[in-house]
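A.B. asks: Okay, structure incoming, though there's no sequence with it:
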């Protein structure tokens, strides 16, 4: 059936007859005429439809409620002096799907908590229409960046027996009867399970990604990951999406170059392709959002070592809730101060080895590893990566130090045995990127159906 998308009408700005299908956002009816606001999901912009009593079902249209689905046929009239550059003068308005008066999403301000309780309907609001369109476009930008730079897209497994992030942070997968578990020597006998061993839902595709980097040089993964953290902060979720590139023949400095280049590319892509959505977020979510994002595209990211970062925090004169330490991670309050101090994103490099993962390259000082976190305003840590330890003997010693069993990942260690090389990689939480792009301060509001502790609705 003939259908004109509202986005195309706004892009074309052409006077013509059009047929639009969409949902009623508002209806202001008067005695002789009325105004319907229609949204068809193709853009955050709403189409104003003017109807009058020359239409045979005028009285019926004047009673159309918010949420109804409709078909409208009419003439597109350009209105360059009005708030919107065009409107539709209706010739025919037909209700397709009714909507009762108790429809939850009325044209008024709703609290975030109310909309999370109605997550199946919140995409119909202007805010979430904009947020989830930006999410879609940002995903396309990720693929566009890596594909245009010759990276291979790898689909790493969601079910894995490889323990990358620590099994205590990973969901377990089993077909065993929880009420009648097979036992051997007092422990669960996973040989009776589907895979013949304990399996997990992945927390990272890094290890498998590294094996492909040793064949294709530059690869990336982009898919869902899962963590069991019992955390109710605004930046944590138990199911989220990750972008994880791995690059052969790339050291830590090269890694930061790629991270910076990719982030700037994605931001510019979104600015160019989501103008109306960014404007809405700028107006209603974070004032100055567009200016912030444009500044990032034209800036040079600061690079500072963890040691110098702690120096900066200790010498700031501020009273910290969590005292900065040369041996520890940095807290949210520290991230906020650092990004405000440098007025933008900051790479923090060379972290204490005792708080970082076993696969990261140990620096010559034997105290730090060649790791880097990129922190950004509001969202905090956006990317985390490192140069990987390419020397097999050093890697095995490091695994021994941290009680990592090499037996289940012998296949991974082959990447060091057979033609190993300097290589690096990073992970970026996609939802934290969307928070940064939209100004939304809670991860629950950039995921269609968030999975967080005690919350697994829909």
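C.D. replies: Alright, I've got the coordinates. The structure displayed is predicted, hence computed values, not measured ones.
A.B. asks: Quick one: the helices in the stretch 201-350 of the chain, in order.
C.D. replies: Counting by DSSP state H, counting those that start in this stretch, the stretch 201-350 of the chain has these helices, from start to end: 206-216, 252-273, 275-284, 289-297, 306-314, 332-342.
A.B. asks: what does the first one rub up against?
C.D. replies: Spelled out, that is helix 206-216. For helix 206-216, contacts defined as C-beta atoms under 8 Å, 6 or more residues apart in numbering pick out 152, 154, 156-157, 160, 162, 164, 219-221, 244-248, 359, 388, 409, 411-412, 414-415, 418-421, 423, 425, 427. In this view, the C-beta of every residue, glycine as well, is placed from N, C-alpha and C.
A.B. asks: For residue 382, which of the helices of the stretch 201-350 of the chain is the nearest?
C.D. replies: For those, proximity to residue 382 was assessed by C-beta to C-beta; helix 252-273 is nearest, at 7.6 Å.
A.B. asks: residues of that closest one that come out buried?
C.D. replies: 252, 255-256, 258-260, 262-271, 273 (16 or more other C-beta atoms under 10 Å).
A.B. asks: Show me the shaky parts of the stretch 101-250 of the chain.
C.D. replies: For the stretch 101-250 of the chain, the stretches flagged by pLDDT under 70 are 163-168.
A.B. asks: quick one: secondary structure of residue 87?
C.D. replies: strand (DSSP: H, G, I helix; E, B strand; the rest coil).
A.B. asks: So for it, what's the nearest residue that isn't a sequence neighbour?
C.D. replies: residue 48 (4.4 Å; C-beta to C-beta, 6 or more residues apart in numbering).
A.B. asks: Following the chain onward from the helix or strand where that neighbour lies, which element is next?
C.D. replies: Element membership of residue 48, judged by DSSP states H and E, is strand 47-52. Per DSSP H and E, the first helix or strand lying C-terminal to strand 47-52 is helix 58-61.
A.B. asks: For the stretch 351-458 of the chain, which segments count as helices?
C.D. replies: Counting by DSSP H, counting those that start in this stretch, the helices of the stretch 351-458 of the chain are 392-401, 410-417, 430-438.
A.B. asks: just to revisit the earlier point, in the strand holding residue 48, what counts as buried?
C.D. replies: 47-49, 51.
A.B. asks: repeat for stretch 242-251
C.D. replies: 242-248, 250.
A.B. asks: For the residues you listed, work out which two are farthest apart.
C.D. replies: The widest separation within the buried residues of stretch 242-251 (C-beta to C-beta) is 20.0 Å, between 242 and 248.
A.B. asks: Drop anything exposed from the contacts of helix 206-216.
C.D. replies: With burial judged by 16+ other C-beta under 10 Å, the buried subset of those is 152, 154, 156, 160, 162, 164, 219-221, 244-248, 359, 388, 409, 412, 415, 420, 423, 425, 427.
A.B. asks: among the helices of the stretch 351-458 of the chain, which is nearest residue 325?
C.D. replies: Per C-beta to C-beta, nearest to residue 325 of the helices of the stretch 351-458 of the chain: helix 392-401, 20.8 Å.
A.B. asks: elements contacting the closest one?
C.D. replies: helix 410-417 (3 or more C-beta pairs under 8 Å, 6 or more residues apart in numbering; DSSP states H and E).
A.B. asks: what's the helix it packs on packed up against?
C.D. replies: By 3+ C-beta pairs under 8 Å, 6+ apart, helix 410-417 packs against helix 206-216, helix 392-401.
A.B. asks: Please work out which of those is packed deepest.
C.D. replies: The highest mean neighbour count among these, using mean count of other C-beta atoms under 10 Å, belongs to helix 206-216: a mean of 20.
A.B. asks: which regions of the stretch 251-400 of the chain lie under the pLDDT threshold?
C.D. replies: Using pLDDT under 70, the stretch 251-400 of the chain has no residue that qualifies.
A.B. asks: Pull up the gap between the closest residue to residue 52 other than its chain neighbours and residue 54, please.
C.D. replies: Using C-beta to C-beta, 6+ apart and skipping residues adjacent in sequence, the residue nearest residue 52 is residue 33, 4.0 Å away. From residue 33 over to residue 54 the distance is 9 Å, taken as C-beta to C-beta, to the nearest Å.
A.B. asks: the more surrounded of these two?
C.D. replies: residue 33 (16 against 10; other C-beta atoms under 10 Å).
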